[in-house]
Structures are given as C-alpha cells and as structure tokens.
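>>> For reference, the sequence and a predicted model appear below.
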Amino acid sequence: MTVVVGAPEDFTLEAFRRVAVDGEGVVIGPDAVRVMGEARAGFERLLRADPGGFIYGVTTRPGVEVGTAIPPEDMRDYARRFRGVGRGFGRDCLDGRVVRGIVFARLADFIGGHAKVRPELAQRVAALLDGPLPRVPLDGQGGAGEILPLMHVMAAVDCGDLVEGEGMALINGSPCASALAADVTLHARNRLRLAEAIFALSIEALAAPLDAYDEALDDLRGDEAERTVLHHLRDHLRGVVTSGRLAHQAPVSYRILPQVLGQAQRAVQAVAHAATTALGSVTENPVYLPASQGHPSAASYRQAASTTVRPPPPSTG
C-alpha cells in the first residue's frame with residue numbers, strides 16, 4: 001500500500017499514521033508533478049528577470065551572511081554545497097517512525113510548487129521512505145531552526161545535480177516540528193483511551209456509584225471534551241451490575257474523573273488540531289508563490305519577514 005499525495009489536504013493524521021507507523025510509501029500524484037514542474041519553470045524565469053534581486057539563500061547567503069550576494073554564475077554550485085553535513089551526535093536518536101514522519105511532512109512544502117524544487121527531487125525525497133532511513137541524533141542539535149536535524153534526514157538524497165534554490169528547500173522550514181506534533185497526537189490519543197479504560201475498571205472494582213457518569217449530565221457540562229469522556233466511560237461501564245454499589249457517594253477522585261479526563265481530552269484535541277494544521281502547511285523559507293490570476297507576478301517571500309521579490313509580469317509577446 002502507498003499513500004498518494006497531490007494537495008495539502010492529503011497530509012492528514014491518518015496518512016501520517018500510515019506512512020510513519022504502518023511503514024507505507026508515498027507516491028506523488030501526477031497533478032502535483034505538473035504543478036511542481038510549472039512552478040520550477042516560473043521560479044527560473046523570476047531569477048532570469050532579476051538575477052540581482054534579493055532571494056534569501058538563493059541570490060544571497062543565509063543566516064548571518066545574508067548581506068553577502070552570490071554571483072549569478074555561482075548560484076548553482078552554491079545550491080549543491082549548501083546542504084551541509086549534520087553535526088548531531090550521541091547514541092540517542094529519533095525513532096524511525098518520527099524520521100519517516102519528517103520525510104512525509106517535508107513533501108507538503110514541495111507538492112504545491114512553493115519550495116521551487118523540480119519534481120524529480122521531490123520524488124527522490126519520497127523515495128527515502130523505501131529505506132534505510134538515516135539516523136537523526138538527539139544530542140548536539142544546537143543550531144537555528146531545524147536545519148541541523150534536516151541535514152541528517154536529507155543526507156541520503158542524491159544532491160549532485162541540485163539547481164538554484166533546491167539546497168535551501170531540503171533543509172529549511174519546520175517539518176520536524178510537524179512530525180513530532182503528529183507523533184505525539186497519535187500516542188496521546190491511544191494513551192488517553194487506555195487511561196479511560198483503566199479508570200473505568202477502577203470504578204467497577206470499587207463498585208462506585210455511577211451517578212457522576214450519567215447521560216443526564218451531558219448537557220450540563222457545557223464542554224465537548226467532558227461530554228466525550230462521559231460517553232467513553234459509559235461505553236466501558238455498559239452492562240455492569242448497578243445494584244449493590246456503594247450506598248454513599250464515591251470519593252471525590254472518582255466523581256471528578258469526567259473533569260480531569262476532560263482536561264486531558266482537551267489537550268489531545270488541541271495538539272491534534274495543531275498537528276493537522278501543521279502537516280499540510282507550507283513552511284519553506286523562502287516560500288515561492290507562483291503567478292496566479294489575483295497575483296500576476298510570481299514572488300519569493302522570506303517566511304516570518306517582509307522581504308519580497310516581485311519581477312515584472314512575463315512578456316505576452
């Protein structure tokens with residue numbers, strides 16, 4: 001089985017689970033291949049229209065060397081050298097499922113053409129999922145953003161023919177954070193459901209009264225997370241003997257289970273929302289916006305900054 005991606009909405013938590021946990025591969029759909037090819041051609045036109053314009057990491061060096069321009073004749077060679085070498089160290093590494101998730105999240109930047117990479121490079125990155133995956137050490141990652149861990153992830157990609165802008169596209173952005181958030185979401189969901197089952201067993205072992213979990217309380221909570229927990233607890237307690245339970249109220253710790261577990265449910269929902277949003281987000285820096293009807297000139301934006309390059313519209317002659 002493989003996961004086919006062709007649009008941001010394809011980068012779901014379920015797709016992430018299939019790739020990261022189940023070990024499925026990824027195929028880039030034909031529409032995305034076409035879009036990436038057209039975007040790459042548009043980006044090359046942008047460079048030709050204004051080779052001296054400011055495009056972070058392409059026409060200038062990145063980071064503290066941002067004021068140093070790269071001569072047009074050196075840009076391609078710089079793209080091939082900029083990938084760098086990962087500097088992490090130590091025996092503790094990211095789990096393989098997380099590394100797979102990082103590769104998956106990285107592709108979200110590519111398929112819309114915003115990373116200005118050629119389709120063949122995106123397919124090489126997707127092929128990393130065929131293994132073996134590189135080790136990504138947890139120690140020594142003291143650099144800005146996610147560049148250092150991404151250097152490890154992308155070390156296995158054949159980069160001998162990179163063109164302008166592709167070196168930065170491999171190692172900038174935040175796919176590591178997206179993958180970690182998604183991984184936490186999957187584990188948190190499972191652990192919360194397990195916790196609910198264990199607490200339900202505890203309720204039954206104590207023969208605690210079931211008043212605090214009654215369906216009549218659902219509409220009194222005013223909170224969807226607590227209502228969800230109440231439903232789950234009742235599912236676990238369905239069929240239990242209702243007679244002979246404690247004649248007095250249960251300890252407070254049992255009566256507040258919906259509220260306590262509701263807080264946990266709310267936290268899981270929040271991280272799930274963050275992960276779902278992040279997986280399909282474009283975090284490339286700089287991000288390329290192909291020309292469109294409402295945006296006739298293509299542009300390269302430096303994320304989280306205001307630097308913009310807008311060439312003149314392409315000639316219609």
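Arrived safely. Since we're looking at a predicted model, the values are computed, not measured. Numbers count the residues shown, from 1 in each chain.
>>> Report the rounded mean pLDDT for stretch 116-130.
If you average the pLDDT over stretch 116-130, you get 95.
>>> again, but for stretch 138-153
Averaged across stretch 138-153, the pLDDT comes to 79.
>>> Next, the buried residues of that stretch.
Under the neighbour-count criterion of 16 or more other C-beta atoms under 10 Å, stretch 138-153 has 141, 143, 145, 146, 147, 148, 149, 150, 151, 152, 153 buried. C-beta: built from backbone N, CA, C; applies to glycine.
>>> what about that stretch, start to end distance?
12 Å (C-alpha to C-alpha, to the nearest Å).
>>> what's the answer for stretch 48-58, then?
13 Å.
>>> Off-centre distance for it?
Centroid displacement of stretch 48-58 relative to its chain, using C-alpha atoms, centre = their mean, to the nearest Å, is 28 Å.
>>> can you check stretch 190-198 too?
Worked out by C-alpha atoms, centre = their mean, stretch 190-198 lies 25 Å from the chain centre.
>>> again, but for stretch 91-100
On C-alpha atoms, centre = their mean, the centre of stretch 91-100 falls 15 Å from the chain's centre.
>>> Give me the mean pLDDT for it.
91.
>>> now stretch 268-279
pLDDT averaged over stretch 268-279 gives 95.
>>> follow-up on the earlier one: cross the buried residues of stretch 138-153 against helices and list the overlap.
Mapping the buried residues of stretch 138-153 onto helices (DSSP state H) picks out 147, 148, 149, 150, 151, 152, 153.
>>> Closest to residue 24 out of the residues you listed?
Lowest distance from residue 24 to those (C-beta to C-beta) belongs to residue 153, with 18.2 Å.
>>> Surely residue 81 touches residue 167?
Yes. Contact criterion C-beta atoms under 8 Å: residue 81 and residue 167 qualify, at 7.3 Å.
>>> Give me the three-state assignment for residue 116.
Residue 116 carries the three-state label coil when classified by DSSP: H, G, I helix; E, B strand; the rest coil.
>>> Now for it, how many residues are close by?
Burial measure for residue 116: 30 neighbouring residues, criterion other C-beta atoms under 10 Å.
>>> Give the phi and psi angles for it, as a check.
phi 60, psi 30 (degrees, to the nearest 10).
>>> and it, what does it touch?
39, 40, 43, 165, 166, 169, 288, 300 (C-beta atoms under 8 Å, 6 or more residues apart in numbering).
>>> what's the spacing between it and residue 106?
Plainly put, residue 116 is 14 Å away from residue 106 if you go by C-beta to C-beta, to the nearest Å.
>>> same deal with residue 245?
54 Å.
>>> Show me where the stretch 101-250 of the chain has its strands.
Under the criterion DSSP state E, counting those that start in this stretch, the stretch 101-250 of the chain contains strands at 137-139.
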